[in-house]
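Structure for this input, please:
(one chain, ligands or ions: 2)
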Amino acid sequence: MSEEDALLPICKACGTQYPSVRNNCPICEDPRQFVPASGQAWSSLAELSSSSKHTLLPDSEDERDCLIQTEPGFGINQTPFLIQTHAGSYIWDCAAFLSLGLIGHLTTLKQPLRAIAISHPHFFAASLTWSRALKVPLYICEADKEWFQRLDDVRDNDDIRFWSDEEELGPGVKVIQCGGHFSGSSILHWDRLQEPPPPADDLPSRPTPVSGIIFTADTIMVQPTQTMFTFLWSAPNMIPLRPKDVLAIQDRLKSLPYHQATSSWPSRWIRSDAKQVFQESVVAYLAAEGWRVDEQDKLVELIT
Ligand SMILES: [Zn+2]
Ligand SMILES: [Zn+2]
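Ligands and ions are numbered 1, 2, ... in the order given. Down below sits the predicted model:
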């Protein structure tokens, strides 16, 4: 990581890194985030390095999925996923803090890191610095380009790939634009059925899931109950998503094979029948908002 990147200002409330000193944070001023009552405050990677550390939290069921946690929590406590497939590894979403120790770990993985992909602007964080330090492309949905705060700072040798609709990151791994929370809000789908079986002489100590999994970030939120999903336009300000946006997300997921789902936070999993749970969650959400879908897939107001 360059000294220049380590000294750039980072918003303490949301973890977004900026290319130069400024007074405000557009991400926090947007109604989907908030400026704390104590006012706008700044840090930097150089400052964080003296007080922060990373903890890797492999999933209890599938160690190929691993949360990267910053301690103590910073920004909105972003916990990116490290996803290790047979054909390469990927970072889904990003955080502000990046340490030399984490760079060392991520650049010596058994399956080399291939890309960083971000679900939406609340996870842009220090992603350009991560992409530079880890020497992998950074995937950002074109529809959210206006929210990417380091456009003025991009150099010729940076590798930012703006994409739309759907983009394959590697064998079995793709990102899908769903909209809703932000226009470019996305999910990552990993089709674990494409993974080769483990070698007979190196079998895992317990069964490894083989079904499809979606990593949903804030696009589709796993409720704290971990039995249902919900949909929010603004999580911190508790503003629900419009029913037609929920139906658009449902449409995007219609043909996707998945059995499990997780949001981008620890302990937010739907471990089984996630596709069925998703359909039931849409019905429950719409009913709570006063709507149902008729036989022609049109929204109809519930008469109560
Ligand atoms: Zn901010
Ligand atoms: Zn968000």
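
can you pull the buried residues of stretch 145-160?
147-150, 153, 160 (16 or more other Cβ atoms under 10 Å). In this view, the C-beta of every residue, glycine as well, is placed from N, C-alpha and C.

what's the farthest-apart pair in these?
The largest separation in those, counting by Cβ to Cβ, is between 147 and 153 at 14.5 Å.

how many neighbours does the residue of the stretch 51-200 of the chain found nearest ligand 1 have?
Nearest to ligand 1 in the stretch 51-200 of the chain, going by Cβ to the ion, is residue 75, at a distance of 7.7 Å. Residue 75 sits with 22 neighbouring residues when counted by other Cβ atoms under 10 Å.

hmm, back to that, so which of the buried residues of stretch 145-160 belong to strands?
Judged by DSSP state E, the buried residues of stretch 145-160 include residue 160 as members of strands.

Can I get the buried residues of stretch 145-160 in JSON lines including pLDDT and distance to ligand 2?
JSON lines is the format used below for the buried residues of stretch 145-160 (pLDDT from 0 to 100; distance: Cβ to the ion, whole Å):
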{"residue": "147", "pLDDT": "98", "distance to ligand 2": "11"}
{"residue": "148", "pLDDT": "98", "distance to ligand 2": "14"}
{"residue": "149", "pLDDT": "97", "distance to ligand 2": "15"}
{"residue": "150", "pLDDT": "97", "distance to ligand 2": "18"}
{"residue": "153", "pLDDT": "93", "distance to ligand 2": "22"}
{"residue": "160", "pLDDT": "98", "distance to ligand 2": "20"}
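
which among the buried residues of stretch 145-160 are in contact with ligand 1?
By Cβ under 5 Å from the ion, no member of the buried residues of stretch 145-160 lies near ligand 1.

Going by distance to residue 291, which of the buried residues of stretch 145-160 wins?
Distance to residue 291 across these (Cβ to Cβ) is lowest for residue 147, with 29.0 Å.

is it true that the closest one touches residue 123?
No - contact criterion Cβ atoms under 8 Å: residue 147 and residue 123 do not qualify, at 10.7 Å.

give me every residue that touches the closest residue to the residue of the stretch 51-200 of the chain closest to ligand 1 other than its chain neighbours.
Using Cβ to Cβ, 6 or more residues apart in numbering and skipping the chain neighbours, the partner closest in space to residue 75 is residue 15 (2.5 Å). Residue 15 makes contacts with 74-76, 78, 95-96, 125-126, as judged by Cβ atoms under 8 Å, 6 or more residues apart in numbering.

ok, now with 10 Å
25, 27, 43, 48, 70, 74-78, 94-97, 122-126 (Cβ atoms under 10 Å, 6 or more residues apart in numbering).

And it, how far from residue 204?
34 Å (Cβ to Cβ, to the nearest Å).

Residue 251 now?
To residue 204, residue 251 is 36 Å away according to Cβ to Cβ.

Now distance to residue 217 too, for the buried residues of stretch 145-160, in a markdown table please.
Shown next, in a markdown table, are these (distance: Cβ to Cβ, whole Å):
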| residue | distance to residue 217 |
| --- | --- |
| 147 | 14 |
| 148 | 16 |
| 149 | 18 |
| 150 | 20 |
| 153 | 24 |
| 160 | 19 |
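
Out of the buried residues of stretch 145-160, flag the one nearest to residue 234.
Distances from residue 234 to those, taken by Cβ to Cβ, are shortest for residue 147, at 14.3 Å.

Tell me the pLDDT of the residue in the stretch 201-304 of the chain positioned nearest to ligand 2.
Residue nearest to ligand 2 within the stretch 201-304 of the chain (Cβ to the ion): residue 218, separated by 3.6 Å. What the model reports for residue 218 is a pLDDT of 94.

Residue 209 too?
86.

what pairs with the nearest residue to residue 257 once chain neighbours are set aside across the strands?
Residue nearest to residue 257 in three dimensions, not counting chain neighbours: residue 212, with 4.5 Å by Cβ to Cβ, 6+ apart. Beta-bridge pairing for residue 212 (DSSP bridges): residue 191.

List the residues that contact residue 212.
172, 189-194, 256-261, 274-275.
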